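*Asks:* Predicted coordinates and the sequence they were generated for:
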There are 2 protein chains.
Amino acid sequence: MRWVYIEDIVGHSGREVEVRGWIYNKRSSGKVRFLLVRDGTGLLQGTMYSTEKDAPLFLTFDALTQESSVIVRGKVREEKRAPGGYELEISDIEIVQIARDYPITPKEHSTPFLMDHRHLWLRSQKQHAVLRVRAEVVKAIRDFFDGRGFRLMDTPILTPSACEGTTTLFETEYFDQKAYLSQSGQLYNEATAMAFGKVYCFGPTFRAERSKTRKHLIEFWMVEPEVAFATLEDVTELGEDLVLSIIERVLGKRRAELETLERDPKPLERVQKPFPRLKYEEILPRLQEKGSTVKSGDDFGAPEEAILSELYDVPVCVSHFPAAIKAFYMQPAPGRPDLALGVDFIASEGYGEIIGGGQRIHDLALLEQRIQEHKLPREAYEWYLDLRKYGSVPHSGFGLGVERTVSWMCGIKHIRETIPFPRLLYRIYP
Amino acid sequence: MRWVYIEDIVGHSGREVEVRGWIYNKRSSGKVRFLLVRDGTGLLQGTMYSTEKDAPLFLTFDALTQESSVIVRGKVREEKRAPGGYELEISDIEIVQIARDYPITPKEHSTPFLMDHRHLWLRSQKQHAVLRVRAEVVKAIRDFFDGRGFRLMDTPILTPSACEGTTTLFETEYFDQKAYLSQSGQLYNEATAMAFGKVYCFGPTFRAERSKTRKHLIEFWMVEPEVAFATLEDVTELGEDLVLSIIERVLGKRRAELETLERDPKPLERVQKPFPRLKYEEILPRLQEKGSTVKSGDDFGAPEEAILSELYDVPVCVSHFPAAIKAFYMQPAPGRPDLALGVDFIASEGYGEIIGGGQRIHDLALLEQRIQEHKLPREAYEWYLDLRKYGSVPHSGFGLGVERTVSWMCGIKHIRETIPFPRLLYRIYP
């Protein structure tokens, strides 16, 4: 008999098949027994019928507990009332293991309890939906860049120096020297962009920040495109197209998951380009009017992002920040060296910053000056300076955080559920 | 005028376009000047014609050096003799930066010199070809698993315990505890496979091994599928299909790159399934006959892999290794508890092991015993043991190393060129 996955069951109507999975739920109704089986790709209702209460199949049914593993066999039948529209007329149940006292019962559990049992919590329908959306978001991102001729460049995790300051770095011994876990592939991508024109890296990044918010993970995935000869405006448009492409894919392919998550799709459907373009100095007075205590020269934080979400019901692009609060490599605005040609994308509905990027300094003397001003060890940046010696060109790029984007797509307020095994302040188990 | 990438030039024949890139080469021939421009997506020949030696364009031409950055404008024209079949009749050259003394000249350089200048070396045609093959291999792998309904699960890099021993781990402070860089996502994937049926992770992995061979990187990328209810035989077939799918993609889409690399495609074209299946005990005497000094109970090393490559001109699957030399989680063979249901795929042509995997222990008592025998800290494995308590099922998976696979596809003997910024023993710069 053929082993089929539940998501493929539609092609097997009328046939005898075998389904391998776990008991999700069961119930009795007179002479019928209903089993709800999950196999990781979907849920399937199995039915058994007998006039005798102690028919062998019924006795097996009685023994089954939540999350017991089974192989069930039977005939597939269309049944509109069943979840998914098909059911299995069970002729045989092979028990693989009876699960005793599965910890996650249908009752409410505390978040710390669920996080301690993350390895089992992943089996729930909600976590399924979130992680299927995540996988779709990742695929949408890769398809977007591959489809536009960007070359994937896997940049290193172990690096000899810091991209943006040294206070939030994980350090390790690398044989006879020190190494740090990468916070961004950007500097390396600037080298590969000069070699390949347009590139992206996509991997895990690390910030050893002692902050406990619902928008931060210690370990998170980021996609970072970098384009030679591109300006701030070019990559702002690229970011817009990327965000739209992700939304379109999720709405097109993951409607069922959004429904499971009770995520209203309308705020996503509303997103169109161009996104509002706001300059830091223009938007500052409006934020202050709305109650923000941010002062000129300050970076925006969660309160400012919240106000922006009230002012606009689509993502906004904030640019031209004070250079002093931005990274050392940011290109100054023409005629306004106190402003940086950087852009942040603030998601709608309060999901915060999802993209940060901008134009990089391409002038050697200016970059040398910045490295000195920021007291960075010049010898670690020699190779980075080389990029400004040998055919330097204006270039720009950005980073998009996967988990925040998934939070936004799913409409879930805490980022910890958007990755299989979240790494949080003081949490590294399981 | 429209900025076009060289790889898209074919659609612009007869039109005026702008190409932005770097000088790859130049030469003169009477009244004609030839510029070879690279933009990361390809090489384009530009021509200029004048009867006057000091025509303004010719003076600009004279000033250009290798890797100077330029914007060239002109009309695209079909020209069979030009690389790529098109050339640009240059009407304007805008110099962005003149590169002085580009370190990588056409003469031979030592490997340490090239590795020190990896950020520039990436601009060469050979490195281009290798990394384009790499990007294609990665895409082929993702398409393979996505197309078969495997769910992508990004497993954590920062982990509280070791997957296979602790001697080759990078350690870091994780706030108030210790963390280690992941050597494999497998254990986590066993949890996600019980939730999603069939999953894969694909990310960087780390081994702090003090070995300096041409087949080892300190940081390398690995794809790891894991399938609930699958046996050793199931995942051996899956691995075969994966390898064939990668080969097919590279031969289909990266012929030009293989040609640049002077890689004979025949040994790849020859690979068909099924691959020879060899059991450890069967093949051991043949290896010894051929001069190997390996003794019964020893693991195979480079000499044994080399002999296997001589015996077979396709990849081989070696299985049923002595349990004592394999990881603690490996399922013993039925009736032969001294043998493990593990399989290694040895690539043809001497490229070594590209896949390692097998069936995992699903019995709780046996796994507990193994954890004790291997003196592993039980508390770190509690969640892993849970998977054997709550609906345990037989399951199997493997890991395929990306860089070794790329080496094999490209026919290059040292793995260091298969990743943009290799991490080797004592090398972490650039």
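*Replies:* The structure has been received and is ready for your questions.
*Asks:* make it CA atoms for all contacts and neighbour counts henceforth
*Replies:* Fine.
*Asks:* so where's the stretch 1-150 of chain A shaky on pLDDT?
*Replies:* Under the criterion pLDDT under 70, no range of the stretch 1-150 of chain A is flagged.
*Asks:* Which single residue of it ends up nearest chain B?
*Replies:* A:Gly40 (3.5 Å; Cα to the nearest Cα).
*Asks:* Let me see the backbone angles for the residue nearest to that residue when sequence neighbours are not counted.
*Replies:* Using Cα to Cα, 6 or more residues apart in numbering or on different chains and skipping residues adjacent in sequence, the residue nearest A:Gly40 is B:Phe196, 3.5 Å away. Backbone torsions for B:Phe196, taken as degrees, to the nearest 10, come to phi -120, psi 0.
*Asks:* Pull the contacting residues for B:Phe196.
*Replies:* A:Asp39, A:Gly40, A:Thr41, A:Arg123, A:His128, B:Arg151 (Cα atoms under 8 Å, 6 or more residues apart in numbering or on different chains).
*Asks:* The fifth one reaches A:Leu122, doesn't it?
*Replies:* Yes. Under the criterion of Cα atoms under 8 Å, A:His128 lies in contact with A:Leu122, with a separation of 6.5 Å.
*Asks:* list residues touching both of these two?
*Replies:* Taking Cα under 8 Å, 6+ apart as the criterion, A:His128 and A:Leu122 both touch B:Ala195.
*Asks:* Looking at those two, which one has more neighbours?
*Replies:* A:Leu122 (25 against 22; other Cα atoms under 10 Å in any protein chain shown).
*Asks:* show me the contacts for the spatially closest residue to that one that is not a sequence neighbour.
*Replies:* Distance criterion Cα to Cα, 6+ apart; nearest residue to A:Leu122, sequence neighbours excluded, is B:Ala195 at 5.9 Å. B:Ala195 makes contacts with A:Asp39, A:Gly40, A:Leu120, A:Leu122, A:Arg123, A:Ser124, A:His128, as judged by Cα under 8 Å, 6+ apart.
*Asks:* Which of the three states applies to B:Ala195?
*Replies:* Here B:Ala195 is helix, with the state taken from DSSP: H, G, I helix; E, B strand; the rest coil.
*Asks:* Please apply the same query to the one 4 residues further on.
*Replies:* Assigned state for B:Val199: strand (three-state reduction, three-state DSSP).
*Asks:* and what of A:Arg388?
*Replies:* On the three-state scheme (three-state DSSP), A:Arg388 is labelled coil.
*Asks:* Burial check on it, number of neighbours?
*Replies:* 21.
*Asks:* coming back round to it: filter the contacts of B:Phe196 down to just the ones in helices.
*Replies:* Among those, the members falling in helices are A:His128 (criterion: DSSP state H).
*Asks:* Cross-reference the contacts of B:Phe196 with the strands and report the matches.
*Replies:* B:Arg151 (DSSP state E).
*Asks:* For A:Glu171, list each beta-bridge partner.
*Replies:* Here A:Glu171 sits in beta bridges with A:Tyr180, going by DSSP bridges.
*Asks:* give me the number of residues near it?
*Replies:* 21.
*Asks:* circling back: by neighbours, which of the contacts of B:Ala195 wins?
*Replies:* A:Asp39 (28 neighbours).
*Asks:* Now do the same contact list for the closest residue to it other than its chain neighbours.
*Replies:* Ranked by Cα to Cα, 6+ apart and with sequence neighbours excluded, the top spatial neighbour of A:Asp39 is A:Gly21, at 4.1 Å. Going by Cα under 8 Å, 6+ apart, A:Gly21 touches A:Val37, A:Arg38, A:Asp39, A:Gly40, A:Ser69, A:Val70, A:Ile71, B:Gly197.
*Asks:* Please tell me how far the second one sits from B:Phe196.
*Replies:* Separation of A:Arg38 from B:Phe196 (Cα to Cα, to the nearest Å): 9 Å.
*Asks:* A:Lys273 contacts A:Leu242, doesn't it?
*Replies:* No. Counting by Cα under 8 Å, A:Lys273 sits too far from A:Leu242 to count as a contact (10.8 Å).
*Asks:* more crowded one of these two?
*Replies:* A:Leu242 (17 against 13).
*Asks:* what does the helix or strand that one falls within contact?
*Replies:* Counting by DSSP states H and E, the element that carries A:Leu242 is helix A:232-253. Residues outside helix A:232-253 that contact it (Cα under 8 Å, 6+ apart) are A:133, A:136-137, A:140-141, A:144, A:227, A:265, A:268-269, A:271-275, A:317, A:341-343, A:355, A:358-359, A:396-398, A:409.
*Asks:* hmm, 7 Å instead?
*Replies:* A:133, A:136-137, A:140-141, A:144, A:268, A:273, A:341, A:358-359, A:396-397 (Cα atoms under 7 Å, 6 or more residues apart in numbering or on different chains).
*Asks:* what's the answer for stretch A:56-64, then?
*Replies:* Residues outside stretch A:56-64 that contact it (Cα under 7 Å, 6+ apart) are A:Ile98.
*Asks:* And it, how far out from the chain middle?
*Replies:* From the chain centre to the centre of stretch A:56-64 is a distance of 42 Å (Cα atoms, centre = their mean, to the nearest Å).
*Asks:* Which positions within that stretch qualify as buried?
*Replies:* A:Leu57, A:Phe58, A:Phe61, A:Leu64 (16 or more other Cα atoms under 10 Å in any protein chain shown).
*Asks:* Restricting to C-alpha, output stretch A:196-204 in PDB.
*Replies:* The C-alpha trace of stretch A:196-204 is given here as PDB (Å, rounded to 0.1, in the frame of the first residue of the first chain):
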ATOM      1  CA  PHE A 196      29.600  40.600  -9.400                       C
ATOM      2  CA  GLY A 197      27.700  43.900  -9.800                       C
ATOM      3  CA  LYS A 198      24.700  42.900  -7.700                       C
ATOM      4  CA  VAL A 199      24.800  40.400  -4.900                       C
ATOM      5  CA  TYR A 200      23.000  39.300  -1.800                       C
ATOM      6  CA  CYS A 201      23.900  37.400   1.300                       C
ATOM      7  CA  PHE A 202      21.300  35.600   3.400                       C
ATOM      8  CA  GLY A 203      22.300  34.000   6.700                       C
ATOM      9  CA  PRO A 204      22.100  34.200  10.500                       C
END
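*Asks:* Now it: average pLDDT?
*Replies:* Per-residue pLDDT values across stretch A:196-204 average out to 98.
*Asks:* before we move on, what about stretch A:403-418?
*Replies:* 97.
*Asks:* Make a markdown table out of the buried residues of stretch A:56-64 and add secondary structure and distance to B:Glu52.
*Replies:* Shown next, in a markdown table, are these (DSSP: H, G, I helix; E, B strand; the rest coil; distance: Cα to Cα, whole Å):
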| residue | secondary structure | distance to B:Glu52 |
| --- | --- | --- |
| A:Leu57 | helix | 97 |
| A:Phe58 | helix | 98 |
| A:Phe61 | helix | 95 |
| A:Leu64 | coil | 92 |
